[in-house]
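J.: give the three-dimensional model of this entry:
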Amino acid sequence: GSVAAVLTLTEAGRNRAREYLEANQYAGPAPVSLDQYVAMVRRQKHREGWLTKESLAQALRGMVVTERLMAQVGPAVSSANSFLIYGQPGDGKTFLVESLANLEASPIYLPHAIESQGNIIQVYDPIYHSALETEQSEPSVLSVSMAASHDRRWIRCKRPFIVSGGELSLDMLDLRFNTSSKIYEAPFQLKANNGIYLVDDFGRQRASPAEVLNRWIVPMERRVDYLSFLTGGKMTVPFETFLVFSTNLNPTDLGDDAFLRRIQYKLLLRSPGRREFQFIFERFCEQKQIVCPPGLVTRFVDRHYRETGRKFRRCHPRDVLTHALNLIHFEKLPYELTDELMNRAFESCFVQ
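T.: Predicted coordinates for the structure are as follows:
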């Protein structure tokens, strides 16, 4: 005959469930151990010679770069250690670093979470990490057959590129505890391991430059970082992110020689000369497929730069031409640049 069974949760079971929920409410793929994570990060470091001149030029194809600039940027990126880029606002520092995200590089495996000393740290963050696979919530014949391809506690991603600017504060560089779920969130530098972490507008953060720099002196030198738990314990994690500082302040105002010495590469991104400025202008016209009559750029530069002493900036051609295009579209003008149009665009772009 048929056998029937009724299952009930006893009080002891309820108490056990309550205990575990009080410890943490993590739900997802099983966390990996800290030792496994450390070993994987070390294995996924770039090999020597991974970067070629051709692949760097391809990544920077959206920017006008000189041979000298390539020779300065290439070794810094290849070392993937630390890099300080400084110069005037609008000369392309952020654009240069963001272009490095286009580098053809091998993907990495990132854990959904790490377990250390009984604590769970959430690492994978869909806001900052680009998964190279579609996670399936429901098991299927396909997902079962794919399960053997790799350990599903890890997710295959592009190498991370994380940016923080003026909003950066010191507490964002340590473990952040969620009081509701009892789970820790990994700080930016941990999420950026095996990738790039850009501190943009450096010197304009909530924390002082000295505080931010002192936070990273040990990690930059030893390639390890120390993160604190709420209970007072600490865990040691790899610091294998390419740390880039971008600033329009004078580096000597940011920190002392001891810290600047620990940043391995420095680059002063100089303002363009007249020839480079005109080349950027003409190239932007090509991108927008707009007719630029002969001599127009020369007359524009003479009137608004040479005669007034205004400094060239790499962002100016894009800004002024964007204003000109907006005028063309709004007033239904011919799709062609004129001296009058460029003068109007310039006036709407800059404070007179």
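J.: secondary structure element holding the residue nearest to Phe239 when sequence neighbours are not counted?
T.: Using C-beta to C-beta, 6 or more residues apart in numbering and skipping the chain neighbours, the partner closest in space to Phe239 is Pro219 (3.9 Å). In this view, the C-beta of every residue, glycine as well, is placed from N, C-alpha and C. Secondary-structure assignment from DSSP states H and E places Pro219 in helix 209-222.
J.: list the buried ones in that helix?
T.: By neighbour count on 16 or more other C-beta atoms under 10 Å, the buried set for helix 209-222 is Pro209, Val212, Leu213, Arg215, Trp216, Pro219, Met220.
J.: please name the residues that touch the closest residue to the last one other than its chain neighbours.
T.: The shortest distance from Met220 to any residue that is not its chain neighbour, by C-beta to C-beta, 6+ apart, is 5.0 Å, and that residue is Arg262. The contact partners of Arg262, taken as C-beta atoms under 8 Å, 6 or more residues apart in numbering, are Ser82, Ile217, Met220, Glu221.
J.: and the pLDDT at Arg262?
T.: The predicted local confidence for Arg262 comes out at a pLDDT of 80.
J.: just read off the phi/psi values of it.
T.: Here the main-chain torsion angles of Arg262 (degrees, to the nearest 10) amount to phi -80, psi -20.
J.: next: the one 3 residues further on.
T.: Torsion angles at Tyr265 (phi, psi; degrees, to the nearest 10) stand at phi -120, psi 140.
J.: doesn't Ala80 make contact with it?
T.: No - Tyr265 is beyond contact range of Ala80, at 10.5 Å (criterion: C-beta atoms under 8 Å).
J.: more neighbours: which of the two?
T.: Set side by side, Tyr265 and Ala80 give different neighbour counts by other C-beta atoms under 10 Å, the larger being at Ala80 (21 against 17).
J.: related to what we said a few turns ago, the contacts of Arg262: which two are farthest apart?
T.: With distances taken as C-beta to C-beta, the most widely separated pair in the contacts of Arg262 is Ser82 and Ile217, at 10.9 Å.
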